[in-house]
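Undergrad: any chance you can model this:
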Amino acid sequence: FEFSSETGLQERAFDKMELMNGDEYVKYGGLLMWNSQGLAGANIPTFTDFGQAQQHFVDTYLTASQKENYLNKNYTDWTKAVNRNSSVVNTYSFSASGGGENTSFRLGGSYYENLPQIKTSEFDRLSLNAAVDHKASEKLRLGLNLNYSNIKRRTYFGGRASANPVTSSIMLSPLRSIYKPDGSYNQESNPNGPQEMSEGFNPVSILEETYQASTINTLIGSANMDYQFAKNLYFSSTFGLQSQNMKEIQFVGAGHPVYTIMDITSGLGFLGDYRTTILDWNWTNMFSYRNVFADRHSVELYGGMEYQNHEYNTFGANTFSLQGNNPYFAFSNEQRASNQDIQWKQISYIGRLNYTFDSKYTVTGQLRRDGNSTLGDKKNGTFWSLGGSWALEKESFAPSIFSSMVLRASYGVLGNIPYADQWGSQYNAIPTLAFNSNYGWGDNQGYGGISTPGNPGLVWEESKHLDIGTDFGFFNNRLKFTLDYY
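TA: Numbering: from 1, shown residues only. The predicted model follows:
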């Protein structure tokens, strides 16, 4: 049994950005006034000295509270308000292994905890793994592998550019205070200079009153069996599974129009809840014959099948009428929801032959037929490959300088479906309809239309591969080289 823990600190790799304080900000504003005086359309008077230009900036473009902060030297460091001084990372790990004559096991796990640079952000990951190998008899072996992970992540809701607290923290005036005298957030636009900050986008309030929180649970497992049911005859079966469940919550309190359709005066916020479930599994069953004749002829013959099933399901709902700070749809007036269910399958029949003569000459061949549900009228494809190698170092005429020297070549036709793992393209072979309830025509609410026209001519993508190469080594293979033409 082993246990270990680590603690680390993270800081910005580059933290040399120098931002203006309040005095520098006012001086820069004075420079703008001085350089703009007399320009047509600028509506800026003429100054006799720079002090007048600076005072004009203070009187014209600063709010009453900003003037007070300037006089009292009460400046805001927005980057410190948004960032932690340092990020703490903790890692805890354990492992255990053991077993007896016929059974062995391995257990392990780790917990990773990170408080990133941005305040209110969190990242946690829990990982567990287990493996068991069991020898039931001289002819039967069983195995099981399981891996589980849980990831939790929380950060601010970063909408359009000015709503991003990291971006706005380096753009805001240091004369703007975080809070008003009554303790509420200071997030109204400056009427004298509305471009200074968009209303509702105080970086600290964005951190405290908006968030994105996601949870991802992943399970990966496999079970295998190897059984020798007769002399030189074997059967193997492997079942593999990957399951992933994801949940993401998006919350925006009232008064933060991160979406342009949000009315800052409505007193309503936003809530989004999105769920995704992915399930992939495959099952491979293979018979094999393995034998060596006369100590010179090695034959391995395999035949079997593989089945794959892939499912992708999503459900999402959101509302722009959330009342209060409760992240539940029961506190909203109107909700919108959508869902999607996608599935595709593949079945394969596989045959493979390996023959080696005198440990020098090897010939391999493979033939397979695959059928995929995403294709059109012709869902099946047949693919093959042939290969051979020659271990020259075992020949009497081979130079002794070579520790190993192998010539090899192969040629085959391979099949591929480029979009099979890209969710959303699984039904391109058939025409599909779509309905949109958000838009209508006249008194008709919503419309239907063709989403994809369908292409029944979709077939396997085939590629022909030729590979010729050599591998050779020197000094007991301490130095190796590989040359390939393909």
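
Undergrad: mean confidence score for stretch 292-302?
TA: For stretch 292-302, the mean pLDDT works out to 93.

Undergrad: measure that stretch end to end?
TA: Start and end residues of stretch 292-302 are separated by 15 Å (C-alpha to C-alpha, to the nearest Å).

Undergrad: also stretch 77-89?
TA: Counting by C-alpha to C-alpha, you get 25 Å between the two ends of stretch 77-89.

Undergrad: for that stretch, what is the distance to the chain centroid?
TA: Centroid displacement of stretch 77-89 relative to its chain, using C-alpha atoms, centre = their mean, to the nearest Å, is 26 Å.

Undergrad: report the buried residues of it.
TA: For stretch 77-89, a neighbour-count test (16 or more other C-beta atoms under 10 Å) marks 78-79, 81-84, 87, 89 as buried. All C-beta spots, glycine's among them, are computed from the backbone N, C-alpha and C.

Undergrad: could you dump the residues you listed to TSV with pLDDT?
TA: Output for the buried residues of stretch 77-89, formatted as TSV (pLDDT from 0 to 100):
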residue	pLDDT
78	92
79	91
81	93
82	92
83	90
84	88
87	87
89	93
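
Undergrad: farthest pair in those?
TA: The distance between the two most remote of the buried residues of stretch 77-89 (C-beta to C-beta) is 25.1 Å, for 78 and 89.

Undergrad: so which of the buried residues of stretch 77-89 sit within helices?
TA: Among these, the members found in helices (DSSP state H) are 78-79, 81-82.

Undergrad: which strands or helices does the longest helix anywhere in the chain pack on?
TA: Secondary structure of the chain per DSSP H: the longest helix is helix 22-36. The criterion is 3 or more C-beta pairs under 8 Å, 6 or more residues apart in numbering; DSSP states H and E, and the helices and strands that helix 22-36 contacts are helix 50-61, helix 64-71.

Undergrad: now with 6 Å?
TA: helix 50-61 (3 or more C-beta pairs under 6 Å, 6 or more residues apart in numbering; DSSP states H and E).

Undergrad: list the contacts of the helix it packs on.
TA: Contact with helix 50-61 is made by 29-30, 33-34, 47, 192-193, as judged by C-beta atoms under 6 Å, 6 or more residues apart in numbering.

Undergrad: next: stretch 90-98.
TA: 1-7, 106-113.

Undergrad: among these, find the lowest-pLDDT one for me.
TA: Across the contacts of stretch 90-98, the smallest pLDDT goes to residue 1, namely 86.

Undergrad: report the contact partners of that residue.
TA: Residue 1 makes contact with residue 96, according to C-beta under 6 Å, 6+ apart.

Undergrad: cool, the one 4 residues further on as well?
TA: Contacts here follow C-beta under 6 Å, 6+ apart; on that basis residue 5 touches residue 92.

Undergrad: which strand or helix spans it?
TA: Using DSSP states H and E, residue 5 sits in strand 2-10.

Undergrad: if we can go back for a sec, please save the CA atoms from the longest helix of the chain in CSV.
TA: Extracted as CSV, the C-alpha positions of helix 22-36 are listed here (Å, rounded to 0.1, in the frame of the first residue of the first chain):
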residue,chain,number,x,y,z
GLY,A,22,-5.7,57.1,-10.3
ASP,A,23,-3.1,59.9,-10.8
GLU,A,24,-1.8,58.4,-14.0
TYR,A,25,-5.4,57.9,-15.3
VAL,A,26,-6.3,61.6,-14.7
LYS,A,27,-3.0,62.7,-16.3
TYR,A,28,-3.7,60.5,-19.3
GLY,A,29,-7.2,62.1,-19.6
GLY,A,30,-5.6,65.5,-19.4
LEU,A,31,-3.3,64.5,-22.3
LEU,A,32,-6.4,63.5,-24.4
MET,A,33,-7.9,66.9,-23.7
TRP,A,34,-4.7,68.8,-24.4
ASN,A,35,-4.2,67.0,-27.7
SER,A,36,-7.8,67.4,-28.8
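
Undergrad: so that helix versus helix 50-61, what angle?
TA: If you take axes from the mean of the first three to the mean of the last three C-alpha atoms, to 10 degrees, helix 22-36 sits at 100 degrees to helix 50-61.

Undergrad: run through who's touching stretch 339-358.
TA: With C-beta under 6 Å, 6+ apart as the criterion, stretch 339-358 contacts 296, 298-315, 362-374, 423, 426.

Undergrad: equivalent analysis for stretch 425-436, please.
TA: Looking at what lies outside stretch 425-436 - C-beta under 6 Å, 6+ apart - the contacts are 342, 344, 374-376, 419, 448-449, 451-456, 458.

Undergrad: and it, end to end?
TA: Across stretch 425-436, first to last residue, C-alpha to C-alpha, it's 20 Å.

Undergrad: now it, how far from the chain's geometric center?
TA: The answer for stretch 425-436 is 26 Å, by C-alpha atoms, centre = their mean.

Undergrad: same check on stretch 37-51?
TA: For stretch 37-51, the distance to the chain centre is 54 Å (C-alpha atoms, centre = their mean).

Undergrad: so of the contacts of stretch 339-358, which ones are in strands?
TA: In strands, judged by DSSP state E, the following of the contacts of stretch 339-358 are found: 298-315, 362-372.

Undergrad: show me the shaky parts of the chain.
TA: 159-161, 194, 437-445 (pLDDT under 70).

Undergrad: helix, strand, or coil at the residue of it most remote from its centre?
TA: Most distant residue from the mean C-alpha position of the chain: residue 48, 60.0 Å away (C-alpha atoms, centre = their mean). Under DSSP: H, G, I helix; E, B strand; the rest coil, residue 48 falls in the coil class.
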